[in-house]
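Participant: below: sequence and its predicted model.
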Amino acid sequence: MATISNVDNKRYQGLIISIALFLSLIGALLAFTFYTSSLLERNTALIDQTNQVANSAQAVIKDLFDLDHSYGEDTNSPHIQRALSRLEQNTTLITGSLSAIEQGGTITDADGKSYDLPNIDSNAQVNIAAADEQWKALEPKIQTYLKDADNIMVSSEDDLAQAVEQAKTSSLFINDSLDNLTKDVFNSAERQANRIRLVQLLGVAAIFAYFLVFVFFFVRRLRETDAEAFAARQETQEIMQTVNTGLFLLDKDLNIGQQHSRALNDIIGSDNLSGENFANVLRGRISDKDLKTTQQFIEQLYNPRVKEKLVNSLNPLHKVMLHNASGSKAQNNRFLDFKFSRVYDDKDIARILVNVNDVSDAVYLEQRLEKERSQNDMQIEMLTTILNVNPKIINEFIVNTQMHIDKMNNILKNPGSSQYELEGKLKAIYREMHSLKGEASALKLHSFTKIASDAEDKLHALQNQGQLSGNDFLPLAVHLDDLLSLSNTIATLGERINRSAPKTSQPVEEAPVLGDDIAKNSIPKTVMVETPRSNDSVNSVDFDGGQDIDLDSDEDDSLLSFYEAFVKDIAERQGKQVQIKSNTLAQVHIPERIAKPFKEMSIQLLRNAVVHGIEAPTVRHSTGKAEVGTIDLEVQNNDSNFMLIVQDDGQGIDYDSIRTKLSTEGRFSIEDANKLTKGQLLKQLFSSGFSTKDDADEDGGRGVGLDIIKAKVKDYDGKLNVNSELGQMTRFVITLPKA
């Protein structure tokens with residue numbers, strides 16, 4: 001709750017003073033009443049005391065006459081003893097009471113309660129003095145008699161007689177004086193009572209009159225205040241109904257204030273927001289994480305030690321999507337921008353003012369502009385690639401991309417019901433997608449690479465899913481369609497830039513990927529995916545022979561430059577330094593039918609060497625190696641075979657690491673993994689989905705690259721040889737027959 005401001009204190013200062021005066025009057029009247037009550041009580045005690053003295057005096061005279069009449073009776077008799085005792089008590093009481101009445105002293109009644117007697121006026125002083133004078137004449141004679149009254153050895157007859165004679169004289173004066181004293185005290189008490197009643201009556205009348213005046217002025221002030229409040233509320237309502245933004249106040253408990261702008265209901269999409277909890281309004285319409293962050297954010301806004309600008313920079317509701325409360329169509333979802341400002345009461349944070357704007361149009365415009373910007377960046381990227389890469393390589397990429405998409409489309413269309421068939425489809429699609437990604441990455445076509453990587457993520461998830469179904473492959477159609485669109489864009493840009501160049505391929509019109517034909521101008525192909533045959537170093541399938549083509553030195557240099565740029569790009573992403581060497585690439589004729597698998601396998605082996613083989617510069621330096629790693633790419637072409645050799649001076653194959661990874665992934669138990677030979681471990685390294693890299697990224701870690709190498713070698717009935725020395729090097733030798 002906010003404290004009352006200084007302005008409010010001044011505004012109600014008159015009211016507070018009036019109430020204080022009213023209470024002071026009541027308090028004064030009550031105090032006067034208590035005082036007069038005490039005074040009346042003391043006067044009553046004085047009247048009682050004078051009456052008691054008078055009665056005691058009568059009792060003394062009566063006892064003296066009784067003792068005189070009974071003189072000669074045994075002094076130890078009960079009658080004499082009682083009379084003597086009463087005479088002694090009453091004598092003492094009269095002496096003390098007369099002194100207390102005269103001096104205004106303290107008396108104690110029979111119940112032990114003490115009273116302070118009031119001071120008496122002059123008339124009462126005369127009467128009490130007369131009574132005291134007569135008593136002082138009688139009291140010594142009584143004391144003389146009482147001294148030996150119960151002693152049978154001493155005669156007290158004369159003392160008693162003198163006391164009786166004095167009592168006869170003094171009793172009349174004492175009684176008259178005490179009667180007059182009682183009348184004076186009673187009259188004085190009555191006068192005081194009358195004054196008290198008058199004062200009380202006047203006090204009550206004054207209080208009542210003051211109350212009427214107070215109520216009159218208070219009601220008038222209240223009416224003025226209500227009128228001001230009504231006018232202010234009317235102005236606030238007019239403002240709240242006019243503004244186009246959502247305005248409301250939040251307290252510490254996240255409760256929305258009673259006043260808010262009319263536009264807030266339309267912006268939030270909810271009625272009756274007054275008094276609602278802000279967290280409940282947002283619950284289910286933003287993520288639970290954002291909701292929790294919002295609650296913590298508002299809590300920090302109420303923390304005076306935290307600067308407001310710093311907190312606002314962490315606003316979780318900046319251009320946040322607010323889902324439709326009814327959960328209907330997505331287009332009804334809106335982007336809202338919440339701005340929070342502290343409302344201070346003096347130096348205390350009283351409330352949080354929230355300003356809400358519907359920024360859906362602006363966000364959608366930003367998204368559209370971002371999409372157009374991305375498309376422009378993509379086209380610039382493609383133009384850069386087209387302008388800086390040999391046209392032959394670009395044309396090969398377009399043809400290969402269309403071929404990969406054709407293959408994946410045909411694989412998707414092939415029926416498959418058993419888990420074995422579905423797993424085969426998955427592996428085949430995975431290989432094609434990874435090969436396509438490798439060629440795109442080599443050309444630095446990151447748009448291609450991004451789409452292919454996203455598709456690989458889904459394929460990897462399916463590979464780890466276990467049970468597969470045909471519907472699991474449907475989302476891949478979107479990725480194939482995107483890849484087709486990018487391929488067409490490259491082809492179109494290439495044609496516009498170099499219309500004089502011979503067209504090696506026609507742009508492919510977009511078509512449903514899962515339709516009968518993936519593209520109108522695609523070359524129909526039939527690919528048979530066979531079950532891999534295990535062999536320590538050989539995988540083979542028959543293929544038709546082909547003719548060789550010669551590459552001039554410029555093309556060879558272009559291809560080597562292509563590989564160098566590819567290796568450098570991967571090395572930069574992996575934080576490594578790598579150089580590629582080749583002494584034979586420009587000297588060896590590559591058969592036409594082997595050119596495509598040669599390039600594809602080269603890309604996979606070079607990536608594998610950079611990602612898995614070459615160490616980081618700090619690691620190489622610590623082991624005494626040069627910080628820059630080296631990859632040798634060599635080709636050999638004899639009469640019957642073509643050989644591709646890729647060797648790196650990296651860390652080699654760690655077979656113990658392979659065993660650990662196999663047991664960790666659950667492919668083998670620890671005992672079975674320890675029993676595997678190097679050949680068997682190497683075979684696992686070439687299996688689909690297995691990688692020694694812990695985290696997958698754009699360059700590797702999904703266990704597809706070596707699987708593609710094995711499949712290509714098998715398709716061309718070739719041989720694969722791997723040689724490695726731990727900490728020194730790894731060499732891949734691929735032999736492909738020409739016929």
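Facilitator: Thanks, I have it. Fair warning: this is a prediction, and the values are worked out from it, not measured in the lab. Residues are numbered from 1 along each chain as shown.

Participant: CA atoms for contacts and neighbours, from now on please.
Facilitator: Noted.

Participant: wasn't residue 337 part of a strand?
Facilitator: Yes: following the definition DSSP: H, G, I helix; E, B strand; the rest coil, residue 337 is counted among the residues of a strand.

Participant: pretty sure it sits against residue 357.
Facilitator: Yes: contact between residue 337 and residue 357 holds when scored by Cα atoms under 8 Å: they sit 5.3 Å apart.

Participant: which residue is nearest the middle of the protein?
Facilitator: The C-alpha lying nearest the average C-alpha coordinate of the chain belongs to residue 296 (Cα atoms, centre = their mean; 3.0 Å).

Participant: buried ones in the helix or strand hosting that residue?
Facilitator: Residue 296 is located in helix 288-301, with elements delineated by DSSP states H and E. Neighbour counts using 16 or more other Cα atoms under 10 Å place 291, 293, 294, 295, 297, 298, 300, 301 of helix 288-301 among the buried residues.

Participant: try stretch 85-100
Facilitator: By neighbour count on 16+ other Cα under 10 Å, the buried set for stretch 85-100 is 86, 87, 90, 91, 93, 94, 97, 98, 100.

Participant: out of those residues, which are inside helices?
Facilitator: With helices defined by DSSP state H, the entries of those inside them are 86, 87, 90, 91, 93, 94, 97, 98, 100.

Participant: quick check, nearest of those residues to residue 249?
Facilitator: Within these, distances to residue 249 taken as Cα to Cα reach their minimum at residue 100, with 75.4 Å.

Participant: what's the closest non-adjacent residue to the closest one?
Facilitator: Sequence neighbours aside, residue 106 is the residue nearest to residue 100 in space, at 6.5 Å (criterion: Cα to Cα, 6 or more residues apart in numbering).

Participant: that neighbour and residue 88: what is the separation?
Facilitator: From residue 106 across to residue 88, the span is 21 Å (Cα to Cα, to the nearest Å).

Participant: could you do residue 281 as well?
Facilitator: With distances taken as Cα to Cα, residue 281 is found 94 Å from residue 88.

Participant: excluding its backbone neighbours, what's nearest residue 139?
Facilitator: Sequence neighbours aside, residue 91 is the residue nearest to residue 139 in space, at 7.1 Å (criterion: Cα to Cα, 6+ apart).

Participant: does the one you found touch residue 58 like I think?
Facilitator: No: because the distance of 10.9 Å does not satisfy Cα under 8 Å, residue 91 is recorded as not touching residue 58.

Participant: can I get the host helix or strand of residue 354 as CSV, trimmed to CA atoms?
Facilitator: Counting by DSSP H and E, the element that carries residue 354 is strand 348-358. Taking C-alpha atoms only, strand 348-358 is exported to CSV below (Å, rounded to 0.1, in the frame of the first residue of the first chain):
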residue,chain,number,x,y,z
ASP,A,348,8.7,5.1,-2.5
ILE,A,349,7.7,3.0,-5.6
ALA,A,350,3.9,3.0,-5.3
ARG,A,351,2.8,1.3,-8.6
ILE,A,352,4.1,0.2,-12.0
LEU,A,353,2.6,1.9,-15.0
VAL,A,354,2.2,-0.5,-18.0
ASN,A,355,1.8,0.8,-21.5
VAL,A,356,0.8,-1.9,-24.1
ASN,A,357,0.9,-1.5,-27.8
ASP,A,358,-0.2,-3.9,-30.6
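
Participant: give me the angle between it and helix 288-301.
Facilitator: Angular relation of strand 348-358 and helix 288-301 on a 0 to 180 degree scale: 140 degrees, by axes from the mean of the first three to the mean of the last three Cα atoms, to 10 degrees.

Participant: buried stuff in strand 348-358?
Facilitator: Under the neighbour-count criterion of 16+ other Cα under 10 Å, strand 348-358 has 349, 350, 351, 352, 353, 354, 355, 356, 357, 358 buried.

Participant: list the buried ones in the strand or helix carrying residue 421?
Facilitator: For residue 421, the enclosing helix or strand under DSSP H and E is helix 419-442. Within helix 419-442, the residues that count as buried by 16+ other Cα under 10 Å are 422-442.

Participant: give me the contacts around that helix.
Facilitator: Residues external to helix 419-442 that are found in contact with it (Cα atoms under 8 Å, 6 or more residues apart in numbering): 397, 400-401, 404-405, 407-408, 411-412, 416, 446, 448-449, 452-453, 455-456, 459, 462-463, 467-470, 529, 562-563, 565-566, 600, 603-604, 688, 704-705, 707-708.

Participant: remind me, longest helix of this protein?
Facilitator: helix 157-242.

Participant: CA atoms only: put the helix or strand following that one into CSV for me.
Facilitator: Remark: after helix 157-242, the chain's next helix or strand is strand 246-250, criterion DSSP H and E. The C-alpha atoms that make up strand 246-250 are tabulated as CSV, following Å, rounded to 0.1, in the frame of the first residue of the first chain:
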residue,chain,number,x,y,z
GLY,A,246,-3.4,-0.1,-23.3
LEU,A,247,-2.7,1.7,-20.0
PHE,A,248,-3.0,0.2,-16.5
LEU,A,249,-1.3,0.1,-13.1
LEU,A,250,0.2,-2.9,-11.4
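
Participant: any idea of the mean pLDDT for strand 246-250?
Facilitator: The predicted model gives strand 246-250 an average pLDDT of 86.

Participant: for that strand, packing partners?
Facilitator: strand 256-260, helix 263-268, strand 348-358 (3 or more Cα pairs under 8 Å, 6 or more residues apart in numbering; DSSP states H and E).

Participant: direction included, what does it pair against?
Facilitator: Take DSSP bridges as the rule and strand 246-250 pairs in its sheet with strand 256-260 (antiparallel), strand 348-358 (antiparallel).

Participant: which of the residues in the first one are buried?
Facilitator: If I follow you right, that is strand 256-260. 256, 257, 259, 260.

Participant: who does the first one bridge with?
Facilitator: It refers to residue 256. According to DSSP bridges, the residues that bridge with residue 256 are residue 250.

Participant: what separation do you get for it and residue 335?
Facilitator: The span separating residue 256 from residue 335 equals 20 Å under the rule Cα to Cα.

Participant: equivalent analysis for the third one, please.
Facilitator: Applying Cα to Cα, one obtains 24 Å for the distance of residue 259 from residue 335.

Participant: could you do residue 296 as well?
Facilitator: When distances are taken as Cα to Cα, residue 296 and residue 335 turn out to be 21 Å apart.

Participant: closest one of the buried residues of strand 256-260 to residue 117?
Facilitator: Distances from the buried residues of strand 256-260 to residue 117 were compared by Cα to Cα; the smallest belongs to residue 257, at 66.8 Å.

Participant: return the residues in contact with the closest one.
Facilitator: 248, 249, 250, 251, 274, 275.

Participant: just these now: which is nearest residue 118?
Facilitator: Within the contacts of residue 257, the smallest distance to residue 118 is 64.4 Å, found for residue 251 (Cα to Cα).
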